[in-house]
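J.: model this:
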Amino acid sequence: ILSKQFPRVMATMAEATWETLTGDFFANNPPEHWEINEAADPFPDFLAGRLGELEGVHLFHVSLARFERAQWRAYSDPAQIPKPGTIERRVINPTLTILELPCPVITQVLALDREGAIEDPLPDAGDGVERVLLFRQPSRETSAYWRADGPLVLALATVDQGLTNEEAAATFGCAASDVTAALTHADDIGLCIAPA
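T.: The predicted structure follows:
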């Protein structure tokens, strides 16, 4: 269960550390839900509780576990993403989760997914928090993740507040063309859904 839900966490730990963690986790957190994937839900908090107790468990692993769990939640979210022909105004993807992590993970996730290895040293609290947008991508029906950068936050704020491009430009102190570009990008990646 845990290796399926947290493959990157497992890949970034020593095998002995992972085996100790999984044994301890299920000894202290027996599954209580009929849906087997729900048994993994407490694992990120359990991992956080082992910081400083178990050698080889770092803040990066806690952040990564929270990321992987949120990625699963976005993928399995039962919310129906509206089709462009069924809406009259742009909406935010209803599967969106905004995750604030105590240290960065995205660069390492990309390295793991592309090269099968992480870069040294592991990020820690000194590297600052990282905000990540996770959602189910409408056309591919896969989980997608993006850093919560300025343009995507601008797009989300514009749609959330129901502003026109000109109103958003005046409200947020930017050019209307910046708002247009941000909204187009948000639509292209499936973060927002625009009417047909």
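
J.: Name the SS class of L133, please.
T.: Here L133 is strand, with the state taken from DSSP: H, G, I helix; E, B strand; the rest coil.

J.: where along this structure do the helices fall?
T.: In the chain, the helices defined using DSSP state H lie at 2-5, 7-11, 15-28, 43-49, 59-76, 106-115, 150-160, 165-172, 176-189.

J.: Highest mean neighbour count out of those?
T.: A comparison of these by mean neighbour count, using mean count of other Cβ atoms under 10 Å, puts helix 59-76 on top with a mean of 22. Quick note: C-beta positions are derived from backbone N, CA and C, even for glycine.

J.: tell me which residues in stretch 28-43 are buried?
T.: For stretch 28-43, the neighbour count (16 or more other Cβ atoms under 10 Å) marks 39-41, 43 as buried.

J.: Report pLDDT for the most centrally placed residue in the chain.
T.: For the chain, the residue nearest the mean C-alpha position is L134 (3.8 Å; Cα atoms, centre = their mean). Per-residue pLDDT puts L134 at 98.

J.: pretty sure it is in contact with Y145, am I right?
T.: Yes - counting by Cβ atoms under 8 Å, L134 does reach Y145; the two are 4.9 Å apart.

J.: Please identify every residue contacting each of these two.
T.: Applying Cβ atoms under 8 Å, 6 or more residues apart in numbering, one finds that L134 and Y145 are jointly contacted by 67, 71.

J.: Straight-line length of stretch 118-134, end to end?
T.: 21 Å (Cα to Cα, to the nearest Å).

J.: for that stretch, which positions count as buried?
T.: Residues of stretch 118-134 classed as buried by neighbour count (16+ other Cβ under 10 Å): 118, 122-123, 127, 130, 132-134.

J.: any idea which of the residues you listed is closest to C103?
T.: Lowest distance from C103 to the buried residues of stretch 118-134 (Cβ to Cβ) belongs to P123, with 4.5 Å.

J.: measure the closest one to V153 for me?
T.: To V153, P123 is 22 Å away according to Cβ to Cβ, to the nearest Å.

J.: Ok, E15 next?
T.: E15 is 40 Å from V153, where distance means Cβ to Cβ.

J.: which ones are touching Q137?
T.: Contacts for Q137 (Cβ under 8 Å, 6+ apart) come out as 143-144, 189-190.

J.: can you list those residues in a markdown table and add pLDDT and distance to C174?
T.: As requested, these are arranged in a markdown table below (pLDDT from 0 to 100; distance: Cβ to Cβ, whole Å):
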| residue | pLDDT | distance to C174 |
| --- | --- | --- |
| S143 | 95 | 30 |
| A144 | 97 | 25 |
| I189 | 98 | 20 |
| G190 | 98 | 23 |
